[in-house]
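1. With the sequence up front, the predicted model follows.
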Amino acid sequence: MMIDIYCTLISNTLKNMLVNGVEAIQIASAIQWKADLFASADLRQIISAKEFGLKIKRV
């Protein structure tokens, strides 16, 4: 069941945002593990992570 949730998060991230597969996996992992902070230098990834409610930091 955990795998299904993870795959759904990745799929939804890719459909709705302009990120590639690796970036989507990173966002989905942060969501799944309830990360306190998501840091990235990639603006598209930051926008996507913010859309999913993650607290973000651009580095």
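-> On my side now, so go ahead. Numbering: from 1, shown residues only.
2. need the helices for the chain, in chain order.
-> Using DSSP state H, the helices found in the chain span residues 2-16, 21-32, 43-51.
3. what's the pLDDT at the spatially most central residue of the chain?
-> Geometric centre of the chain, nearest residue: residue 27, 1.8 Å, by CA atoms, centre = their mean. pLDDT, residue 27: 88.
4. before we move on, the earlier item: can you tell me which of the helices of the chain the model trusts least?
-> With a mean of 66, helix 2-16 has the lowest mean pLDDT of these.
5. returning to what we had before: the residue nearest to the centre of the chain contacts residue 54, doesn't it?
-> Yes: using CB atoms under 8 Å, residue 27 makes contact with residue 54 at a distance of 7.2 Å. Yep, even glycine has a C-beta here, placed from its N, CA and C like the rest.
6. I'd like the C-alpha coordinates of stretch 50-59 written as CSV, please.
-> Only the C-alpha atoms of stretch 50-59 are listed here, as CSV (Å, rounded to 0.1, in the frame of the first residue of the first chain):
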residue,chain,number,x,y,z
LYS,A,50,5.4,24.6,-2.5
GLU,A,51,2.3,23.6,-4.4
PHE,A,52,2.3,20.3,-2.4
GLY,A,53,2.5,22.2,0.9
LEU,A,54,6.2,21.7,1.7
LYS,A,55,8.2,24.4,3.5
ILE,A,56,10.9,25.3,1.0
LYS,A,57,14.3,26.9,0.9
ARG,A,58,16.0,27.9,-2.3
VAL,A,59,19.8,27.3,-2.1
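7. contact partners of it?
-> 13, 16-17, 27, 30-31, 35-41, 43, 46, 49 (CB atoms under 8 Å, 6 or more residues apart in numbering).
8. Between which two of those is the distance greatest?
-> Using CB to CB, these span at most 23.4 Å, a distance reached by 16 and 36.
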